[in-house]
Each structure stands twice: as structure tokens, then as C-alpha cells.
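Chemist: Attaching a predicted model along with its sequence, questions to come.
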Amino acid sequence: MSSSKTVRKLQVVSPVPADIDIANSVEPLHISEIAQELNLSPNHYDLYGKYKAKVLLSVLDGLEGSGDGYYVVVGGITPTPLGEGKSTTTVGLCQALGAAFSG
């Protein structure tokens, strides 16, 4: 796994829109494109449609000692009382992690 990566620009909007508006405004990338950007070979993940995949734990073996990756486990997401769903919460989590690690 090499360390070449493409950083996607964040578009800052003010005032901050609701999570559901953010989730509805995004066109999801095909998971195979994301896997390619991460230099994952097809034998490191199992596709579940165009937008979801299960990444195998064997990927961690390639990251060991490199200091060039993080493995984040989200054990469960429950919809909030305001009605944001699991997908919207996941998008928000991904955006926050992306912003935190992009500099």
C-alpha cells in the first residue's frame, strides 16, 4: 500500500446546513473508486452494491508499522431524536474524520 493520495477539497458553507441537507447534496462515489484511491486490491474488500463494501481485516497487516493509516470501528449508530438517520450520521462522521486528518 503506497502513500499516494488525493485530497478532496472541503466546501465550507455558512451557516452550517443540517446533516440531512449535507447528506442529500452529495453524490456518493463508487466504492471501487475509493478502494482504488486507497490502493486496495480487489481481494482486500467485498462489494455490497456500488456504494458499500466490507474491508477485510487483513488490510491492517499492510499498515502495521507504517504509521500511515487508521482503523476506525463504529460499533453502532442509532438515529437521533431529531430524525437524522444512520446514513446521515455516517456521512457526518466521515466528514468530521476527513476534516480532522486532512490538516
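Modeler: Cool, the structure landed.
Chemist: where does P81 fall, helix, sheet strand or coil?
Modeler: What DSSP: H, G, I helix; E, B strand; the rest coil gives for P81 is coil.
Chemist: So it versus E37, what's the distance?
Modeler: Separation of P81 from E37 (Cβ to Cβ, to the nearest Å) stands at 36 Å. Backbone N, C-alpha and C define where each C-beta goes, glycine included.
Chemist: So those two - more neighbours on which side?
Modeler: E37 (13 against 6; other Cβ atoms under 10 Å).
Chemist: And that one, its phi and psi?
Modeler: phi -60, psi -30 (degrees, to the nearest 10).
Chemist: How many neighbouring residues does K50 have?
Modeler: 12.
Chemist: and what of the one 5 residues further on?
Modeler: Counted with other Cβ under 10 Å, the burial measure for V55 works out to 15 neighbours.
Chemist: With the one 4 residues further on instead?
Modeler: Using other Cβ under 10 Å, V59 is surrounded by 16 other residues.
Chemist: Please identify the buried residues of the longest helix seen in the chain?
Modeler: Identified as the longest helix of the chain according to DSSP state H is helix 86-101. Across helix 86-101, burial judged by 16 or more other Cβ atoms under 10 Å covers 88-89, 91.
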